[in-house]
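> have a look; sequence and predicted model below, questions after that.
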Amino acid sequence: MAQELKAASLIFFADYKGMKFMDLAELRKRLKPLQGNCRVVKNSLVKYALKEAGMSPQGQDLFKGPLGMVLGKDSDPVGLAKLLVTFSKEFPALKIRAGYVSNQWLDGESCKKLSALGTRAELLQRLAGTLYTTVSQVASVLEAPLRDFLLVLSALEEEKKKQAPA
């Protein structure tokens, strides 16, 4: 398990006390597209594996009561955090206790704050939109003198036509 914890890019720990088997199955189903998986593990086993992996939580009371672990491998931490927060709203029995993201421990509140950020896909969409808007504005500014020049020529041509028959 220590090797599996080291290989995971992010880990969330949650209290699942009071959840039914079908609720956990639903969580696993929702985690699959995000390359995450949910496991129910013994506290002593997780404690030992975290120690072996060099990831012991500092000052976190993680090991009281049943413990569920959500592992993500090459996953977007914000996407998984959003999914867990949304799921915990649907199923209040699930409570996020802590997370281990980018070699840093987060408490439950920090995990909820992480879920408020945009996912990688959302941030890339915003960036693409901003770049497109900037490029289109620059193109509009660069073509404005030519457009204005053509309008002046068109106006002169109309004036010449009016003066020619007279």
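Ah, there it is.

> for the helix ranked longest in the chain, which helices and strands make contact with it?
The residue-count maximum for a helix in the chain (DSSP state H) belongs to helix 120-163. Secondary-structure packing of helix 120-163 (3 or more C-beta pairs under 8 Å, 6 or more residues apart in numbering; DSSP states H and E): helix 77-90. Placement of C-beta: from N, CA and C, glycine included.

> residue ranges in the protein under the pLDDT threshold?
58-60, 165-166 (pLDDT under 70).

> domains of it?
By the assignment in automatic domain parsing, the chain contains the domains 2-118, 120-166.

> so the longest helix of the chain versus helix 77-90, what angle?
Counting by axes from the mean of the first three to the mean of the last three C-alpha atoms, to 10 degrees, helix 120-163 points 110 degrees away from the direction of helix 77-90.

> so how far is Leu83 from the residue nearest in space to the middle of the chain?
Nearest to the geometric centre of the chain sits Thr119, at 2.4 Å (C-alpha atoms, centre = their mean). For Thr119, the distance to Leu83 equals 10 Å [C-beta to C-beta, to the nearest Å].

> sorry, back to before: and the longest helix of the chain, how far out from the chain middle?
In terms of C-alpha atoms, centre = their mean, to the nearest Å, the centre of helix 120-163 is set 36 Å apart from its chain centre.

> just to revisit the earlier point, and the domains of the chain, which is most packed in?
Neighbour counts (mean count of other C-beta atoms under 10 Å) averaged over each of the domains of the chain peak at domain 2-118, with a mean of 16.

> so Met55 belongs to a helix, correct?
No: membership of Met55 in a helix is not supported by DSSP: H, G, I helix; E, B strand; the rest coil, which gives coil.

> need the contact list for it.
With contact set as C-beta atoms under 8 Å, 6 or more residues apart in numbering, Met55 has these partners: Leu5, Lys6, Tyr100.

> what about 7 Å?
Contacts for Met55 (C-beta atoms under 7 Å, 6 or more residues apart in numbering) come out as Leu5, Tyr100.

> I am finished for the moment; much appreciated.
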